[in-house]
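**Student:** Here is a sequence with its predicted model. Questions after.
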Amino acid sequence: MFIVDTQVTRRGPKRSLTSDQIVDTALDLLDLAEPPSIRGVAARLGVRPNTLYTYFPDRAALERAIIDRLLGLADPALLTGRRS
């Protein structure tokens, strides 16, 4: 008796973006005083809004990534109130 492995691995479409590129684009929109919506970021990147959901499950996740990036760029002394 032979056992045949029938598990098939599915390959999805190749990702054309990175989450960093998406966050960079969202930050660019913030610099232009535009709210970084999923549709706005997708339009700026030239992709459909659904594409961004491959990288972030919802808008809140994108917003968290933006906040994390901004906090990472901030001076720790500013965050702790030790510097004016």
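**Tutor:** The structure has been received and is ready for your questions. Residues are numbered from 1 along each chain as shown.
**Student:** Where does A60 fall, secondary structure wise?
**Tutor:** helix 59-73 (DSSP states H and E).
**Student:** Just list what that helix packs against, helices and strands only.
**Tutor:** With contacts taken as 3 or more Cβ pairs under 8 Å, 6 or more residues apart in numbering; DSSP states H and E, helix 59-73 sits against helix 19-31, helix 38-45. To be clear about C-beta, it is placed using only N, CA and C from the backbone, and glycine gets the same treatment.
**Student:** what comes into contact with that helix?
**Tutor:** Residues from elsewhere that reach helix 59-73 (Cβ atoms under 8 Å, 6 or more residues apart in numbering): 19, 22-23, 26-27, 30, 36-38, 41, 52, 56, 79.
**Student:** tell me which residues of that helix are tucked away?
**Tutor:** L62, A65, I66 (16 or more other Cβ atoms under 10 Å).
**Student:** what's the angle between that helix and helix 19-31?
**Tutor:** Relative orientation of helix 59-73 versus helix 19-31 (axes from the mean of the first three to the mean of the last three Cα atoms, to 10 degrees): 80 degrees.
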